[in-house]
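Q: Need coordinates for the following:
(one chain, ligands or ions: 3)
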Amino acid sequence: MRILLTGGTGQVGWELARTLMPLGEVIAVDRSQADLSDLNTLKGIVEQHQPHVIVNPAAYTAVDKAESESELAFLVNAEAPRVLAEEANKIGALLVHYSTDYVFDGSKNTPYTENDATHPINVYGQSKLAGEQAIQSAGGDYLILRTSWVYASRGSNFLRTIMRLAAEREELKIVADQIGTPTWARLIAEVTVHVVRQSVFEQQSGIFNSNAYHLTASGETSWHGFAQKIVDIVREQGKAELKNQVIHPIPTTDYPLPAKRPANSRLSNERLEQQFGLVMPSWDNALRLCMQELS
Ligand SMILES: NC(=O)C1=CN([C@@H]2O[C@H](COP(=O)(O)OP(=O)(O)OC[C@H]3O[C@@H](n4cnc5c(N)ncnc54)[C@H](OP(=O)(O)O)[C@@H]3O)[C@@H](O)[C@H]2O)C=CC1
Ligand SMILES: Cc1cn([C@H]2C[C@H](O)[C@@H](COP(=O)(O)OP(=O)(O)O[C@H]3O[C@@H](C)C(=O)[C@@H](O)[C@H]3O)O2)c(=O)[nH]c1=O
Ligand SMILES: [Mg+2]
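A: Numbering: from 1, shown residues only. Ligands and ions are numbered 1, 2, ... in the order given. Below is the predicted model:
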């Protein structure tokens with residue numbers, strides 16, 4: 001099996017480049033070979049490699065910057081996935097694509113299911129939703145995996161931001177009225193291997209159904225709870241000189257940013273767990289394992 005992988009320098013892509021290896025030949029293309037905003041080159045890459053599976057974790061993920069760069073955000077998050085889906089359809093390849101909790105407005109009081117109505121409240125979320133819709137319209141086989149609050153021991157993410165800020169300051173102020181589930185990039189990559197393996201088998205058996213799935217760790221917290229847990233684990237691991245940091249809970253209104261964020265980002269994993277026979281681990285157990293590999 002030949003697997004074309006985009007975005008291998010990103011959090012999820014970096015993990016995928018490793019976890020996908022036992023499934024077959026992984027052809028990882030980075031920005032220098034396949035700039036997602038260059039749609040013709042992207043098309044040519046798929047034609048050249050004729051993959052059986054395309055895995056696309058590359059995305060425009062700068063949530064605040066997207067508010068002023070909406071054209072580029074839509075090009076990378078919606079037009080590039082459209083091209084990948086059209087090319088996948090032509091050659092019968094399976095497209096695995098990632099999306100986000102930010103396709104929802106956060107007004108629901110319980111975790112979102114895949115059947116809930118979308119209503120993004122920022123440009124990034126709008127561009128990711130447009131990407132989902134383009135893939136669904138292309139007519140080929142796809143899996144859309146919506147995840148949330150992704151972190152890893154490398155890359156740019158909330159875990160590393162908090163580690164840095166906590167080392168610099170005695171007090172941090174973190175929003176406590178946005179809830180969701182932090183999800184380790186490695187968990188996303190490991191789950192992807194299971195779903196690709198089963199889906200390719202189903203494709204070959206003629207019983208595959210394209211679908212969207214929510215894929216996060218289990219449990220929930222706020223950004224404040226996430227930050228507090230990071231500092232607690234650092235202390236537990238006795239690694240740094242983090243002793244007296246105070247993490248203050250604040251309302252979103254006290255932390256103004258260009259892009260709005262949903263108040264409720266929780267996603268139900270039930271469909272994923274049922275379809276693929278998986279059980280998602282709790283977010284804090286995964287966080288503890290990830291933090292063991294931070295130097
Ligand atoms: N991060 C998060 O909190 C969440 C992410 N997601 C989704 O999960 C997926 C993976 O996200 P994550 O791994 O965190 O993303 P990262 O921001 O860590 O990585 C993004 C990747 O996309 C690549 N990329 C961006 N623009 C282009 C471009 N124009 N051409 C080629 N490559 C490009 C980057 O390349 P380069 O290194 O060259 O910049 C990088 O490899 C995405 O679909 C994202 O929308 C969903 C929910 C939460
Ligand atoms: C650094 C910092 C952030 N915050 C708040 C701002 C924001 O509401 C929240 C998280 O900040 P971030 O900028 O990391 O969040 P953000 O970039 O919005 O994270 C999102 O990224 C995209 C790609 C997704 O798909 C989402 O699932 C989600 O992970 O924490 C504070 O309150 N205090 C602070 O000191
Ligand atoms: Mg961010």
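
Q: CA atoms for contacts and neighbours, from now on please.
A: OK.

Q: Tell me how many other residues crowd Thr19.
A: By the criterion of other C-alpha atoms under 10 Å, Thr19 has 17 neighbours.

Q: Could you tell me which residues make contact with it?
A: Neighbouring residues of Thr19 by C-alpha atoms under 8 Å, 6 or more residues apart in numbering: Ala189, Glu190, Val193.

Q: Give the buried residues for whatever helix or strand Asp232 lives in.
A: Per DSSP states H and E, Asp232 falls inside helix 223-236. Judged by neighbour count using 16 or more other C-alpha atoms under 10 Å, the buried positions of helix 223-236 are Trp223, His224, Gly225, Phe226, Ala227, Gln228, Lys229, Ile230, Val231, Ile233, Val234.

Q: tell me, which of those residues make contact with ligand 2?
A: By C-alpha under 6 Å from any ligand atom, the members of those lying near ligand 2 are Trp223.

Q: Could you identify the pair within the buried residues of helix 223-236 that is furthest apart?
A: Greatest spacing in these, by C-alpha to C-alpha: Trp223 and Val234 (16.7 Å).

Q: follow-up on the earlier one: dump the buried residues of helix 223-236 into JSON lines; add pLDDT and distance to Leu16 as well.
A: Shown next, in JSON lines, are the buried residues of helix 223-236 (pLDDT from 0 to 100; distance: C-alpha to C-alpha, whole Å):
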{"residue": "Trp223", "pLDDT": "98", "distance to Leu16": "26"}
{"residue": "His224", "pLDDT": "98", "distance to Leu16": "29"}
{"residue": "Gly225", "pLDDT": "98", "distance to Leu16": "28"}
{"residue": "Phe226", "pLDDT": "98", "distance to Leu16": "24"}
{"residue": "Ala227", "pLDDT": "97", "distance to Leu16": "26"}
{"residue": "Gln228", "pLDDT": "97", "distance to Leu16": "29"}
{"residue": "Lys229", "pLDDT": "97", "distance to Leu16": "26"}
{"residue": "Ile230", "pLDDT": "96", "distance to Leu16": "24"}
{"residue": "Val231", "pLDDT": "93", "distance to Leu16": "28"}
{"residue": "Ile233", "pLDDT": "93", "distance to Leu16": "26"}
{"residue": "Val234", "pLDDT": "91", "distance to Leu16": "27"}
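
Q: closest to ligand 1 among the buried residues of helix 223-236?
A: Trp223 (11.9 Å; C-alpha to the nearest ligand atom).

Q: Distance of the closest one relative to Asn109?
A: 17 Å (C-alpha to C-alpha, to the nearest Å).

Q: and what of Arg154?
A: For Arg154 relative to Asn109 (C-alpha to C-alpha), the value is 33 Å.

Q: For these two, indicate the residue with more neighbours.
A: Each of Arg154 and Asn109 had its neighbours counted (other C-alpha under 10 Å), and the higher figure belongs to Arg154 (16 against 10).

Q: That one touches Gln11, doesn't it?
A: Yes. Arg154 lies in contact with Gln11 (C-alpha atoms under 8 Å); the separation is 6.9 Å.

Q: Where do the helices of the chain begin and end?
A: With DSSP state H as the criterion, the chain has helices at 11-19, 39-49, 70-74, 80-91, 123-138, 158-168, 185-204, 223-236, 270-276, 283-292.

Q: And the ones you listed: which comes nearest Gln245?
A: Using C-alpha to C-alpha and comparing the helices of the chain, the one that lies nearest Gln245 is helix 158-168, at 6.8 Å.

Q: and the closest one, is it in reach of ligand 2?
A: Yes. Judged by C-alpha under 6 Å from any ligand atom, helix 158-168 comes into contact with ligand 2 through Phe158.

Q: got a list of contacts for that helix?
A: Residues contacting helix 158-168 (C-alpha under 8 Å, 6+ apart): Tyr151, Ala152, Ser153, Arg154, Leu172, Ala227, Ile230, Val231, Glu241, Leu242, Gln245.

Q: now the last one: how far from Asp232?
A: Using C-alpha to C-alpha, one obtains 10 Å as the distance from Gln245 to Asp232.

Q: Next: the fourth one.
A: For Arg154, the distance to Asp232 (C-alpha to C-alpha) stands at 20 Å.

Q: now the fifth one
A: When C-alpha to C-alpha is applied, the distance between Leu172 and Asp232 equals 14 Å.

Q: Next: the first one.
A: Going from Tyr151 to Asp232 by C-alpha to C-alpha gives 17 Å.

Q: Tell me if I'm right that Asp141 and Ala212 touch.
A: No. Using C-alpha under 8 Å, Asp141 makes no contact with Ala212, being 11.3 Å away.
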